[in-house]
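Participant: Here is the input, now give the coordinates:
(chains A and B)
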Protein chains: 2
Amino acid sequence: MKFSNSLIKTRKEKVKEADSINADLLIRGNYIDQLASGVYTYLPLGLIVLDKIESIIRQEMIKVGGQEVLMPVLQPKENWLKSGRWETVDDLYRFTSYYTKTELVLGPTHEEVVVPLAKKFIFSYKDLPKYVFQIQNKFRDEKRAKAGLLRGREFLMKDLYSFHEDEKDLDLYYERMAKSYQNIFKKLEIGDKTYKTFATGGSFSKYSHEFQTESASGEDTIYFCSKCKVAVNKEIIGEQKVCPECGNKELIEKKAIEVGNIFKLKTKFSEPFDLKYLDKAGKEKFVTMGCYGIGLGRLLGAIVEVSHDERGIIWPKDIAPYQIHLVSLGNSHEVMEKSNKLYEDLNKAGFEVIWDDREESAGTKFADADLLGCPIRLVVSDKTYEKNKIEIKLRQTSKVDLVDESLLIKEVNKVLGR
Amino acid sequence: MKFSNSLIKTRKEKVKEADSINADLLIRGNYIDQLASGVYTYLPLGLIVLDKIESIIRQEMIKVGGQEVLMPVLQPKENWLKSGRWETVDDLYRFTSYYTKTELVLGPTHEEVVVPLAKKFIFSYKDLPKYVFQIQNKFRDEKRAKAGLLRGREFLMKDLYSFHEDEKDLDLYYERMAKSYQNIFKKLEIGDKTYKTFATGGSFSKYSHEFQTESASGEDTIYFCSKCKVAVNKEIIGEQKVCPECGNKELIEKKAIEVGNIFKLKTKFSEPFDLKYLDKAGKEKFVTMGCYGIGLGRLLGAIVEVSHDERGIIWPKDIAPYQIHLVSLGNSHEVMEKSNKLYEDLNKAGFEVIWDDREESAGTKFADADLLGCPIRLVVSDKTYEKNKIEIKLRQTSKVDLVDESLLIKEVNKVLGR
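Facilitator: Residues are numbered from 1 along each chain as shown, chains lettered A, B, ... in the order given. Okay, here's the model as predicted:
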C-alpha cells in the first residue's frame, strides 16, 4: 500500500474524546474511528489487524474440532423467555418491530439460538460430541461504555459451544480448550502476561475460568500464585486470599484485562430447551454443554494497552497491518526510483509493505512510522542510496542498522522469524 | 469433511415453513436454518458457500480500487435526522437504550456513517477519488419477509461508496463498477441470465441501474431489449414500453430477481453532512458520490432459484461447498479402505471433498448427493473396486462414466477447468 493512496490521516495531538491508551493510539493511527460511545468503525489498517487476529483464532478453533456457523443478531423474545434470561440479563438491547409487533433481542451471546438449533442435529450418543463456533457481532446495552475497544456496545466475538454425553467428556474438552486459548495468546505475544484465572462458576459449577492479561490499565484485579501459575479473580478470592489450587497464601495482586473465558454450562440450557440424546442403553439424557468466548476487538485493544510506548503502538509481528514500513526521504529522482523498486521487490518476495511516498518531512514520516507500529522500518535516502545501503530499524527494540542492499531480504526474514 | 463428523442431517420431505424453492432446498440440505421469519442461521455448508461468494466479490472490489472497512450496525438517530432519512425510510429498526436513553437505528445502509467518516480523510482534490467498501450485516424491518434468502430482515451486504471531484469522474467509475458487477455475475455462472436494468434514479438522477437475474420465481418484472442487451424495470417502463437506449419497442417481458444495484448519489449526502473539498483553484466544492450494493445472501438464494432441478441444488463450481462428493457403497473392508485412500489422495491434491462414509443405503446417499449439489460425484463400490475403476457423475449434466483410477485426478481437473 502506498501511503498516498491510503485513507490514513494520522493525528499528532492526543484524541480528546479518547478515554484510554488503546482508543487514543488506535484513533490517532487511523486504525479505528469512533461513531458513538462504545461504537467504532474499523478503518482499513484496523480491519487488517482484526482479520489477522480472527484468522489465528479460527485456525485454533478448527484444530479443536470446531465447525463454523453464522447465527443471527436478531433473536426472538420467546427463546429468552424459555431460558429464563429475558428477566435476568440487564444489558440486553430489546425492541419491537414496527410492522409485526414482534419483540426482538440483539444477541449478546447465542445459547438461546444454538441450543434449539442443536436439537436438529443431536439425537443419539453417535451424534456426540459436537463443537460449533462462530465469529460474529455481539451487542450489549452497557450502562457506561469505556476504555476504547475494551468495553464497547457492539463488538466482534468468537463463541464456541460444545455438546457432550456427560461431564467427564466436557471436563476433557474444557482442558483442551484452555490449552487452545493459551496457544492463541502465545501467538499474539501476550502469552507470558496472560493468566488462566479462577472465576465464579455461577450457580451450577464451582469455578469457571477467565484469561486475564496483566496491564496497568485493566479494570480487573487478579491474585497470582507463583507456585502453581494460576490466578484467582477478585470476586472469588475471599478474605483469606488463598490459592484454590495449592493453598499458597502469598499471592501477588495485579490489575488485568479479561481477554477470554471458558465456562461449563452443564445442563443449564439443555434442560429448558429439552435438548436430549439417547445413550447406548437407549435411555434419554440431557446433553451436557460448555461455552468458550473471546472478544476480538477487546483482544486488539488489550494488545495495544500492553504493547506500546510514548511514541505509538508496537505490534506483535503476526498481526501488524504491514510487516514493513518503508520510508523514502526527500523526493530526488534517485530516491523515489530506488524506493519504488524496493517496494516492488519486497511485495514480490511476499512481504506486506506500506510505503510512505508522501512529500513530508523526515520528522513527520518517522513519527507516523512509530505511531503505526509496524515491526520493521526501512529508510531510503540520498545518504543511504549512495552507499547502496538501506537503514533498518526495529520498532520493538529501536535498534538501527545499515544493511547492504543485497542482504536486505535475508535480514528482514531473520527479523520476522521466517 | 467426513459426513459422519458433520452437522448435516438432510430432510427428505419438503420443508413446510419454506415459502420458496431456495428456502426449501437450502433448509433440506442443511445449508441454512430458519430462526424466525426472514432470519436465518448459516450452517457449515451454507457458510462455506457464503464465504466463497464473499471472496469473489471482495477480489473484484479490490480490483476497482476499493479499500475495505467495517462500519457499525448501531447508528445514532442524529445522523439520520441530518440526512433527512429518519422520517422517510419506512423499514428502519429504531429503538432506545434502556440505560442511556439514546435513540438508535440498526443500519439498513451506511451513507449516514460513511459520509461523516469521509470528512476525516477528504480535504482537497489530492484526496480524491476514494473508494471505501465493507461486507457487513444489514437490517430491515420488512413488513413481510419472504422468499427465503431473497427478502430477509437480517442479511449480509457488500456496499461500496465512491467519492469524486465531479460528475464526470463519477460517471467513469460508475461504468467501471457496472463492468465489475458483470464480472462477478459471470464468475457465479449467472452472467448470461443477469441484465443491467434501467431503474429509477430517485429525485436527483435520471436513472440508476439494477442487475436483474431472470428467474421464474423473481418478484420483479423487467423488459429486455434484444437489440442493445439492456433491460428496463417495471417501475419506469411507462405505457409505451420503449427501450431508453435505442428506442426499440419490441421488448421481452421477464420476471426477475434483483441481485445488485448501482446508484449515483451525486451530492445528496455530501450537502447535509457538509462534505467538501478544495479544488485546484482553492475553491470549496461538494464531493460527488456513488453507491454500489450487492446482497450476498440474496445472491446465494438467487443462484439456487436459477440452478436446481427436482432433486436438489446444482452449484456453480467456484462456490460449491465441496468440489467432490465421494460416496462409498456397502461397508466392506475393501471399499472403506479404498474410499479412505481416495479421500486422502484427493485432499492432498488440493481438492475439497465431502465423503459420505455413513452406513446408509445407496438410494439415500445418492439422493443426498443430488440435494447438496456438488459438481462431481464419485462412487466407490465392490463392483467398481474390482475393476480398479471409479464411477464419476456430473451434477450439471447427469453424465456418468467409469474412469480408471490412475486417470481420475486428470479427469476431475478437466471437469473443474483447472
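Participant: secondary structure element for the residue in the stretch 201-350 of chain A positioned nearest to chain B?
Facilitator: Here the stretch 201-350 of chain A gets closest to chain B at one residue, A:G297, 10.2 Å apart by Cβ to the nearest Cβ. In this view, the C-beta of every residue, glycine as well, is placed from N, C-alpha and C. In this assignment (DSSP states H and E), A:G297 forms part of helix A:296-306.
Participant: Identify the residues contacting the residue of the stretch 201-350 of chain A closest to chain B.
Facilitator: Shown in contact with A:G297 (Cβ atoms under 8 Å, 6 or more residues apart in numbering or on different chains): A:Y40, A:L50, A:L149, A:G152, A:F155, A:L156.
Participant: List the contacts of the helix or strand just after the helix holding A:G297.
Facilitator: Later in the chain than helix A:296-306, the nearest helix or strand by DSSP H and E is strand A:308-309. With contact meaning Cβ under 8 Å, 6+ apart, strand A:308-309 is reached by A:I21, A:L25, A:I314, A:G373.
Participant: what's the following helix or strand after strand A:308-309?
Facilitator: strand A:312-313.
Participant: what packs against that next one?
Facilitator: Contact here means 3 or more Cβ pairs under 8 Å, 6 or more residues apart in numbering or on different chains; DSSP states H and E; on that basis strand A:312-313 packs against helix A:21-28, helix A:362-372.
Participant: could you give the angle of the longest one to helix A:21-28?
Facilitator: What it means is helix A:362-372. For helix A:362-372 against helix A:21-28, the angle by axes from the mean of the first three to the mean of the last three Cα atoms, to 10 degrees is 130 degrees.
Participant: Which positions in the stretch 151-300 of chain A make contact with chain B?
Facilitator: A:R153, A:E154 (Cβ under 8 Å from any Cβ of the partner chain).
Participant: and with 10 Å instead?
Facilitator: Within reach of chain B by Cβ under 10 Å from any Cβ of the partner chain, the stretch 151-300 of chain A has these residues: A:G152, A:R153, A:E154, A:F155, A:L156.
Participant: ok, which pair from these is furthest apart?
Facilitator: Within those, A:R153 and A:L156 form the most distant pair, 12.6 Å apart (Cβ to Cβ).
Participant: Common neighbours of these two, please.
Facilitator: Common contacts of A:R153 and A:L156 (Cβ atoms under 10 Å, 6 or more residues apart in numbering or on different chains): A:K138.
Participant: shaky segments in chain A?
Facilitator: In the predicted model, chain A carries pLDDT under 70 at residues A:202-204.
Participant: Grab the longest strand from it for me.
Facilitator: Using DSSP state E to assign secondary structure, the strand with the most residues in chain A is strand A:252-266.
Participant: Report the angle between it and helix A:21-28.
Facilitator: Orientation of strand A:252-266 against helix A:21-28 (the same axes, to 10 degrees) gives an angle of 80 degrees.
Participant: Report the buried residues of the helix or strand that comes right after strand A:252-266.
Facilitator: Sequence-wise, the next helix or strand downstream of strand A:252-266 (DSSP H and E) is strand A:276-278. Neighbour counts over strand A:276-278 (16 or more other Cβ atoms under 10 Å in any protein chain shown) mark A:K276, A:Y277 as buried.
Participant: Now do strand A:276-278: everything it contacts.
Facilitator: A:118-119, A:122-128, A:163-165, A:267, A:270, A:283-288.
Participant: Now the buried members of these.
Facilitator: Applying 16+ other Cβ under 10 Å to these, the neighbour count classes A:118, A:122, A:125, A:127-128, A:163-165, A:267, A:270, A:286-288 as buried.
Participant: Out of these, name the ones that lie in strands.
Facilitator: The members of the buried ones among the contacts of strand A:276-278 that map onto strands under DSSP E are A:F163, A:H164, A:F286, A:T288.
Participant: Would you check that the last one makes contact with A:L172?
Facilitator: No. Using Cβ atoms under 10 Å, A:T288 is not in contact with A:L172, being 11.6 Å away.
Participant: Next, show the common contact partners of those two.
Facilitator: Shared contacts of A:T288 and A:L172, defined by Cβ under 10 Å, 6+ apart, comprise A:P129, A:H164.
Participant: Report the buried residues of the helix or strand where A:V49 lies.
Facilitator: In this assignment (DSSP H and E), A:V49 forms part of helix A:44-63. Going by neighbour count (16+ other Cβ under 10 Å), the buried part of helix A:44-63 is A:44-54, A:56-57, A:60-61.
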